[in-house]
Each structure stands twice: as C-alpha cells, then as structure tokens.
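> I need the structure of the sequence given here:
(4 chains)
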Number of protein chains: 4
Amino acid sequence: MAEPLVVQLAHVEIVSPKPDQTLWFFHDLLGLEETTREGQSVYLRAYEDWYHHTLKITEGPQAGLGHIAWRAASEQALQALAERLERAGLGRGWDDGDLGHGRAYRFVTPEGHPMEALWEVEYYQAPEALRTALRNRPQKRPLRGVPVRRIDHVNIMVQTVGPVRDFLVDLLGFRVREQKIGRDGEEVGAWLSVSPLVHEIAVMRDATGSRGRFHHVAYWYGYPQHLLDAADVMADYGVRIEAGPGKHGTTQAYFMYVFEPGGVRVELFGDTGYLIFDPTWKTVVWDVSNESDLERSSIWFGGRLPETFYTYGVPSVGWEAVGVRR
Amino acid sequence: MAEPLVVQLAHVEIVSPKPDQTLWFFHDLLGLEETTREGQSVYLRAYEDWYHHTLKITEGPQAGLGHIAWRAASEQALQALAERLERAGLGRGWDDGDLGHGRAYRFVTPEGHPMEALWEVEYYQAPEALRTALRNRPQKRPLRGVPVRRIDHVNIMVQTVGPVRDFLVDLLGFRVREQKIGRDGEEVGAWLSVSPLVHEIAVMRDATGSRGRFHHVAYWYGYPQHLLDAADVMADYGVRIEAGPGKHGTTQAYFMYVFEPGGVRVELFGDTGYLIFDPTWKTVVWDVSNESDLERSSIWFGGRLPETFYTYGVPSVGWEAVGVRR
Amino acid sequence: MAEPLVVQLAHVEIVSPKPDQTLWFFHDLLGLEETTREGQSVYLRAYEDWYHHTLKITEGPQAGLGHIAWRAASEQALQALAERLERAGLGRGWDDGDLGHGRAYRFVTPEGHPMEALWEVEYYQAPEALRTALRNRPQKRPLRGVPVRRIDHVNIMVQTVGPVRDFLVDLLGFRVREQKIGRDGEEVGAWLSVSPLVHEIAVMRDATGSRGRFHHVAYWYGYPQHLLDAADVMADYGVRIEAGPGKHGTTQAYFMYVFEPGGVRVELFGDTGYLIFDPTWKTVVWDVSNESDLERSSIWFGGRLPETFYTYGVPSVGWEAVGVRR
Amino acid sequence: MAEPLVVQLAHVEIVSPKPDQTLWFFHDLLGLEETTREGQSVYLRAYEDWYHHTLKITEGPQAGLGHIAWRAASEQALQALAERLERAGLGRGWDDGDLGHGRAYRFVTPEGHPMEALWEVEYYQAPEALRTALRNRPQKRPLRGVPVRRIDHVNIMVQTVGPVRDFLVDLLGFRVREQKIGRDGEEVGAWLSVSPLVHEIAVMRDATGSRGRFHHVAYWYGYPQHLLDAADVMADYGVRIEAGPGKHGTTQAYFMYVFEPGGVRVELFGDTGYLIFDPTWKTVVWDVSNESDLERSSIWFGGRLPETFYTYGVPSVGWEAVGVRR
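Numbers count the residues shown, from 1 in each chain, chains lettered A, B, ... in the order given. A predicted model of the protein is given here:
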C-alpha cells in the first residue's frame, strides 16, 4: 500500500451570488472567523482549523464550486503528484499560490471538478483578543452562533462513479472505505480517505446524469447536541434544512444538510463517526439493490433523504472560468 | 382558577398480544424495573418513578389501552371528583384497588377512554441490590438498555376534540396549554396539564374518524443524547421507529415514536421541553389552516410525521371488558 | 396543605461595582437579552423568560444583592401576603412598581434579605428581528455566547437556617423538598419550592456566621453539553470557575459555579434535575454528620466544593439602602 | 519523516487479584463483550473494536500490567521492528501468538514495560444474536451498562521521561504530539501517536521515582453525556472515581479516571479530543514551571487532579514473570 500523496483536505472555495448572506450564514450562525478579504473573496476558518483559511467565499453569478484544495504529504509528494496528473492529462498547471498558501498545482477530476494540491501553508495567527491559553487550539472558542470546530470533508456528484473513484485512488492515494453497489452491480457511491477518517471525500452518482457537480462541504461539531442546537437556530433564522438531524448507515455520520443562502448545500456533522486504524481495512460494501441495505445505508435512523438529495448539486465553476492567480 | 382535582399521571395499563416481547421492549431496551406479576399482568416502573408501578402490561387478544390512572390532589379531591363524574354520567364506580394503590374511582372520557383516579399509593421499595445512596432517587440507575427516567404523559385520539378537552378541563381541572386550530376553526389537537409540564395528556383528532382510541404513552429521558442512543439501539434490535428523533413545535418536545412489539405506540421524550410557571398562561394557539404554522407546530426540525401518525391508534379495551378487581 | 401565596421566582437584582464587565458576562457569554436601561440599572432576560426581565444589574460600590422578586399566585394572594408580612413585622411597604411590573410589596427575611412580591407583570415583546415562528418561545434563540434558557433559582446564606426556612414555609407557602442535618441535629441547609422544581430557593448556613448574605442566582440550560460548552468558554475568556461541572446529590443538579466579574456567584444549571409531582412528598433528609451522606449530598460526582463555597457571599444591600421607586 | 512501524494499539493485558469483580466492571458497567476464556484469562472487546480482543484480564496475586500490544504496519514492518529491538537489546524474542493473533515479537521499554508487536489478527465474528445490519459495526450495540465504543490509549509511568519517549519515537515510529516541561527543563510528560489521535500512548514521570509502572488504559465514548452517565453509574455502584469528569488542557481530552475493582486505573474518555492531520505538526509544549500553564494543561476545567494521580501506579508484571505462549 503506497503512502498517499495528499494527506488532508485543506480548503474549499464556493461561489455565491449572495455573498453577504452567505457570509452571515458562515460567520454568524456557524461561528467561522474571517481571516481576510481580497477582491471578491472572503477567507474564513473554523476555530479549530489551524491554517489561514478552510473556506473561501467568492462572489459570482450563481452558486457553484470554486475548487477543492488538498495538502500534499510533502514538497516531494506535491511534485510527484503534479507529474502524475500531467501525464494523466488532468493537470492544469502551477499557480503561484493564493492568500494563505504557497504554489499550488491545479488539476481536475475526470468529470472536471477543479482541485489543487499545495504544500506550503500559512498558519493562522490569532489577534490579541482571540489568543487562548489552550495551547492546542489556534484561537479562543467564538461567542457567535453554534460554532463549528473544523472542516471535515467534501462530497462530489458524478455521472459515473468508477472513473472518479479510480482517479482518487490511483493518482491521489485515497483508499475506498465504503461503497454502495446498486442494481446490475452499478456503483452508486464511494467514500474515500487518506486518514483514519472514513472520508475526506465522497463520490455519489448524480441522479440527473450531470457531470462534474458539487454536492456539499461538511464542517464538524463532534457533539450531537450542537447539531440539535444548530437545527434549532436554522429553524429560527429561516435557513432551509434539507434533511436530518439523523444518522447515516454509511460512515455512521450523525448528519444534517442545510442550504446556505447562496445555494450551496452544507453538511453539519454532529458525530465523531468511527475511525479506521486497521491497515488491512476491507471496503464496507452496501448492496443497495437490496431494499434493507438501501434504507439502512442511507438512514440508520432519523427521517428520510428527500429526492433533492440525489438531484440537487451546484456546478463546478472550473479552472477555465478563473484566471491564474486571482 | 380552581385547583385541579388530579395532580399527576399515576400509571397506564396497556394490553399486548405478545406480552413476552412487550416485556423485553420495556425491560431490556428501556430499562424498566419489574415490581411484580399477577395473573396476566406485569407491573413495571422507570428508575425515577416513585410509586409501585407506572406501567401495567396485560396480556390480551390485541393491542389496546387498558386504562389511564390519575393521582388525585387529596382524599377529599378524589371523593369530589367521583361525585362530579357520577353526576356527569361518566362514572363507572369504585374499585377496591389494584396492586400498588388504594381504592380507585373508574370513569371514562366522553369517547370512552377508560380512566381511574386514586389517592393512596404504595411506594416502591428497592431490594437490597438496588438500594442507592442517592436519597432522592428510588433505586440505582439500571445497567440495562438505555434506561428511561420516568413516565411523562399520554396522548389519546378522539373523533371530536372539543368535548374531551372540556371534560378534562371542567371535571378534572386540566388547563389547556397549547392548541391547534385547523380549517373552519376546527380544533385538531389540545395539550393539557395540571402542573408546569406542558402536558400530562394530549387529545388529537383521529384522522380515521374513530372514537376512543389511544395514541401513545411517553417515557422521559431528559437528555437528547439518550434519545439518539435509544434510536441507535432500536435500529439495531429491529424495533420500528415511526418518526424522529426530531423536535415538535408544539410543546417543544424532542421526540421519537416507536412501536413496542405488541403494537402500542410509545414516545421517547428526549428533551426537557419547556415548563410553565406563569399562573396567567394564555393558551398557545397554532393556526394550522396556515401552512407555515402547520409545519412548524408538527416539526420544528427533524424529518416529517408519516400518515400513520394521524391514522394509527389502538382501541380502548374499556372498563366493560374487564371485571372489577382483576 | 395551603396553596402557596407565591408561585414563581420573578427576577433578581444584583449590584455590581463593574457594571460593564458584569453586563458583558450576562449578555455576551450567557446570551441574555437587554430589555432596557434606566438610571444606573440594566434589565435583562434569558431567551425563554417571558417577562420584561429576570435580572436587573444596578451599579453600586460593591457586589451585593439588590432584591429577590416573587410572583404572587393572584392579586388576592398578593394582598393576603402583604397583610401577613405586615403582621409578622417583616413588611417594608408597597412600592409603585419598577419597569416591567406593577406595584410590589417589599419585605425582608428574618435575616434581612430584601424581597418583594408582585402580581402584575409586563410581558416581553420581541423586536421584529427577534420574533420567532415558535409560538411557545418569546424570542429567537440568541446567536451569542452559550445562551441560558431561563432563570431557575436563588440561594441565600443565613446565620441560622431554621427561622428563615420557617418564614418561607409559613408566610410565603414554600415546601421543604430536601434538607441537610449536621452534628447535634443542626440544620445546615434547606431546599424549598412552590412548584415541581426541587427548589426556587435554597437556604444555607453561612460558615462565617454572617447574617443576610446572598450565595448565588442560577440560570438554567437543561442540557449538560451546554454546561460543558459554558465551562470551555469561561476557561477561555478568563471567568473564574469556583466548582464543577459536577453533580450534587442534593437536588441532583448538574452544576457549575462561576463568579461574574462584579463578584456575584452565578450557578449555571446544566441538568433538568428531578421534578416533584407527588403531593405527599416527604422531605429528603441528608444526615451530614455522617461522612458518606455529607460527601454524597454535596458531590455525587465531579470534584469537590472548595472552602469558598461555604464562606463567600455578598451582602444584601437592603431596602433601606435604596429609595422607594428607583 | 519515516513511516511508523506500528500503526495501532491492539490490546492490553491487565492482571487482577479479583478477576470476578474486574470482569463485572468491564462487562456489566462498561459493556465489553467477552470473546472467550482460557486458563486464568478472559478476553474482551468493546462493541466497536474489530479484533478478537482489546482487553485480556489475567488473574494474578496483585494488580499489574501484563503487556501492551501494538499492531505493526505490515509483516515486513514487524520483521524490521523485531530486528531493531533485538539490536537495541530490548527484544525478548518471538512468541507463537496468543488467542486472537499470530506470532508476536516481545520487547520492553527502557524501564521494562512489557510490550509486543504483531501483524496477523483474528477478526471478531459476532454470534447470531449480536449480528447487526450496520455493516461498519462489528456487532450490535450492547444493552448492558454504559457501553464504551473502543480502546483508545495507554499511559505509562516512568522514572525518566526522555529515554522512554526516545525509544517510542526512534524504534517504534511514534511522533511527539504534546509535551510538558517542568522546572530546570525537566520533561514531565509526553503524548505520542502514530495516527491523527493525539496519543495512543502517554509517558508520565512517576512522582515516587519508581520505574516501569503502568498508569492507565483508556476506553472511548466519544460523547460527554456518556461520561456523565458512566459517572452516575460508578457513583451508584460503588466504583471509586479518582478524578473528573473534567477536561484536560493537554490533548483536550474530556476525561474521568476510575479504579476497576482489581486496582488498575481506567480512563473513560468522553470527548473526541482533537485530531492532527498536519504532517508538519509541531509538538505542543506546555511550560509547567509556569503556574498558569501547569494548571491549564492538567485541568482546563473540572476540579483538580489529586495527589494519587501522580503517585499511584501498578507494576508491570513483565515478560519474565510469564512463560512463553501462555
């Protein structure tokens, strides 16, 4: 088992047609801290995120995915990865870097989801008022909203799961932790990670047959009570809850899905899920042609997933749509 | 405002065609303690219930309500209540008492739900192995299942809400804490209490038009985490969850509804809800002809209530069906 | 058992030498909402408190208790109470009322703690931005700090428990729910209520022998997780935690004690405790001359109570110190 | 940064002079499942532990550590590790394996704590009654006690931290995640891991100056509520709680320490703590010559650590005391 070339989800950029409301959602309700602003973008992070930012909100004409950034295992791993992606025809070249990190290699999945990998990161430095005596926490716990603790994972929608799953495994070094297989053996979802987390990325079949769309970004609470608190607050402040709180069979995540005002689905992750330490872990396979497995894997308990869960996604804006070094 | 003649939900008797599985559900999963058995009945209580029993499970041909018992405010109140009910034509006479309490006055609601009121109660005495040093707890916390703490309330289904609500208010002394009014001003539900709890009894319109059926009995956890634990256990051990976990707008209860194996719906109450201390409390009225209020009152967050929630109930076995002094 | 003349803790006034920091503590950390300001006072309430205010912070030269206000059972009860207190020589006359309530009858405990009783109350009206669709909640849940839900109880320190306990029982109508008896049968504490809560007021012997001091006011969360969240925030923002989180044997409260910056001890109540519905409840007596009972009653689990818990209190400012109709 | 040769804490063997009570503690209170018994030993695991056992309780004359077992990264890694340890003079030779795993290489720390490394593991196969539909869980959630989810870490006491810390880093491949430095720069504790967990092993200076003792084994809940439940149950059933519930600054663990009836300290871990995904993580250093850091690192909130925490440990029984292939 080769060591993965990427080790961590570094940040996600989303595009919002309503940047003020989107910012209100992440800053006031989820307690993210704004690090800085530049141009049409605001950079934020949760209070246990160590780097400069884990979320970049960029104003744009419609809701979409800007890009997904992975931290490489090392400078060498980054170089190796760039070469591999170049050879695979999925590379889009080096970028000088954005605020908060050094040069990044841009690439796309086989369906065009824009991603980048980077090595050098800038660490967040808390201003005086937010400095904490808790040496393993980058800032004081915020006094705003129901504050999330850290970025957790992304979920992308695809026309065909297999090639994107293989891409993540073969080129980036992910391992397939769980999988859903439907009728005729068709793969309908895969959950992959490079760490003991069950997933840093999930790949799900798009029920509309579209290519390259984005399903959600997830931030993590760790405590179910906070998910309930967040649900109470979302209901009170008019944020649309799509599903949950509930528990998935797959990944055992205690989940809630909401739409931020710009239109991107956000998962709030209330549980710790389970962690995988076994180096010989065998992919957990759910046979969802089987009614029981289908239901159990989607919802272990807590309501149902509505149709939109399988059909609604936002487009990937793509590296082509942005210039180099915004 | 006259003082209520009853002060507390004392116990509930349910009838089960599968008494062993019903017992497994309450004893092994919900951690109720068996006090005693007699004839076709088993008497149980939760670990913070002070009296001899709060649940009586009686074997019978089909799932049903045996009766609902209220504790009177005093011996005098009990006598006054009996006279009132006699005059109202709803009395069914005195019973010498069952295990665990003194003589009881039997009566029915206008739709025939069997009830009784009693004054003298026998307190539970923990056996040596269950005696606790915690002087305000009647026994040690059980090491079984996800143990509920105490009985909380009952919910009855009716053909017409008004007369049953009036009966509870005028004869027993309940106050109407919340109410749902539908199209044409028809009342579709009422939540009533004689204490700061929002309800010890709810009365809901039966969507099938039936009279005198029983909706559910609720046991209380107080902590949402335990509701999640119970949901996890129910899913694992094959108990059917009808709805939840979620939060009602009405009563702000953090709820979950399940069916015990005999067929009676049981609510597990994970929240503390809110308490009413204001002596001039004005009934909270939800106008459910209004879509928003309809949805908010049923589900503040957490999925949807399925059709069965409005159509499934179990019959009241009735005082007629049982002899006096079983 | 006569019905109590008072039914509810209405509000508490504390005096602070550092009003800005005291306000920061209650508003920013505990999420209380400011209703209004007048003169040297700020009026606040928690988001599930229905009345105009439950806390009045008044600037003064040193930390102290302003007064404790009780809501009477009715206008008649208020009148009867005033007459009783007048006869007992503890009355201090009528006041025209403060912001948020009608006329109030002022009195003192046998050790001089200033109290008042009132009947007419003004209900809080949420401004547009805080109006909620949840009809049984007076305002939206705040997006500030770890917001407490409602006022819960007060605890007063006394030179001798008996007379103050008798005063509360005989004149105001409280019932003694729990009691601690020490060596030589001396009563060292009593917990009293007029509702199913175990206490709206506790009376504890002052280890310094002082008379008429104030121990703490408690606000309620209902969920232990929020107590842990509050503890985390207090540690991060430099608020001194005196004891807890932990669980008392007495009342089964899941507690934490902190000092607001002005010097008044505040309890944050994380649990639901237990509720008393039994009209024949027998006072739970802890024999604290017995080592085991002593320890169990103070701390069921969670550390120890430091010496300050028994010796630190703030003086009662007293009706004499304030003019009529501030 | 070389990849670690070990990847996971596999199991711990403790020695108990009261094996029945020790078994009661782990089986009835903590909900561990017994896999099998052989000779004087019982093998158990928590319900989210995948392997044959994570705890082996062996009867013996006094409380002690039997051994700590690590799973190697691969068969090759195991071989390499054995050679390294052999060369370092700390190897104790191969053992044919115990129930539940293949051959193991035995070794000791520089202070003699007995350890082993193994590669081949036997997976737990749930009996029919415990099989679950949740495919990523090895068995149904138990209906006993307050069930822990998985083994988490061990903590060993040493005369001198440095050499044992170096041994873990240089020979086994651990990384130092946090560290406490005392007066004169003396290291008083180190927390090390081979995964995103902050520690699978901690090394703490023994205040008595003893060598090679064992401090505790920790099982994990993930939810603070369960820690409170466990505390309530421990208090009720007479298990001695040494400290907590509370939150350490170091590792941010939400902890509770109890003594199982045989005398071994057990930590119940209620939190998720924080996870380390940054490949360039810099050891968090607490300067405990500084009063504030000392207090913050030990207790972020929740009482104090008593003297016993620094002085009580159990001896390591040692490979010498046991034959090969028990």
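
> what number of residues lie near residue A:134?
Residue A:134: 21 surrounding residues under other C-beta atoms under 10 Å in any protein chain shown. In this view, the C-beta of every residue, glycine as well, is placed from N, C-alpha and C.

> Could you report the separation of it from residue C:165?
43 Å (C-beta to C-beta, to the nearest Å).

> What of residue A:213?
Going from residue A:213 to residue C:165 by C-beta to C-beta gives 69 Å.

> Please enumerate the strands of the stretch 101-250 of chain A.
Listed in chain order, the strands found in the stretch 101-250 of chain A under DSSP state E, counting those that start in this stretch are A:104-108, A:114-118, A:150-158, A:175-181, A:187-193, A:201-205, A:213-220, A:241-247.

> wait, residue A:272 sits on residue A:221?
No - using C-beta atoms under 8 Å, residue A:272 is not in contact with residue A:221; the gap is 9.4 Å.

> With neighbour numbers in mind, choose between these two.
residue A:221 (27 against 24).

> before we move on, back to that, which one of the strands of the stretch 101-250 of chain A lies nearest to chain D?
strand A:175-181 (6.6 Å; C-beta to the nearest C-beta).

> name the helices or strands packed onto the closest one?
Contact here means 3 or more C-beta pairs under 8 Å, 6 or more residues apart in numbering or on different chains; DSSP states H and E; on that basis strand A:175-181 packs against strand A:187-193, strand A:284-287.

> which one of the ones you listed is the most hemmed in?
Here the criterion is mean neighbour count by mean count of other C-beta atoms under 10 Å in any protein chain shown, and of the helices and strands packed on strand A:175-181 the winner is strand A:187-193, at a mean of 24.

> That one close to chain D?
No - counting by C-beta under 8 Å from any C-beta of the partner chain, chain D is not contacted by strand A:187-193; separation bottoms out at 9.9 Å.

> In PDB, could you pull the C-alpha coordinates for that strand?
Coordinates of each C-alpha in strand A:187-193 appear next as PDB, following Å, rounded to 0.1, in the frame of the first residue of the first chain:
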ATOM      1  CA  GLU A 187     -21.600   1.600  -8.200                       C
ATOM      2  CA  VAL A 188     -23.700   4.500  -6.800                       C
ATOM      3  CA  GLY A 189     -21.400   5.900  -4.200                       C
ATOM      4  CA  ALA A 190     -17.900   5.600  -2.700                       C
ATOM      5  CA  TRP A 191     -16.400   7.100   0.500                       C
ATOM      6  CA  LEU A 192     -12.600   7.600   0.500                       C
ATOM      7  CA  SER A 193     -10.000   8.800   2.800                       C
END
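
> Show me what it is packed up against.
Going by 3+ C-beta pairs under 8 Å, 6+ apart, strand A:187-193 lies up against helix A:161-167, strand A:175-181, strand A:201-205.

> Direction included, what does it pair against?
Looking at strand A:187-193 with DSSP bridges, its partner strands are strand A:175-181 (antiparallel), strand A:201-205 (antiparallel).

> Dump those to CSV, plus mean pLDDT.
Listed next are the strands paired with strand A:187-193 as CSV, based on pLDDT from 0 to 100:
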stretch, mean pLDDT
strand A:175-181, 97
strand A:201-205, 98
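
> most tightly surrounded among these?
When the strands paired with strand A:187-193 are compared using mean count of other C-beta under 10 Å, strand A:201-205 is most buried, at a mean of 25.

> Now tell me what touches it from outside.
A:9, A:68, A:153-161, A:164-165, A:168, A:174, A:186-193, A:215, A:251, A:310 (C-beta atoms under 8 Å, 6 or more residues apart in numbering or on different chains).

> how far out from the middle of the chain is it?
11 Å (C-alpha atoms, centre = their mean, to the nearest Å).

> now the angle between strand A:150-158 and it, please.
30 degrees (axes from the mean of the first three to the mean of the last three C-alpha atoms, to 10 degrees).
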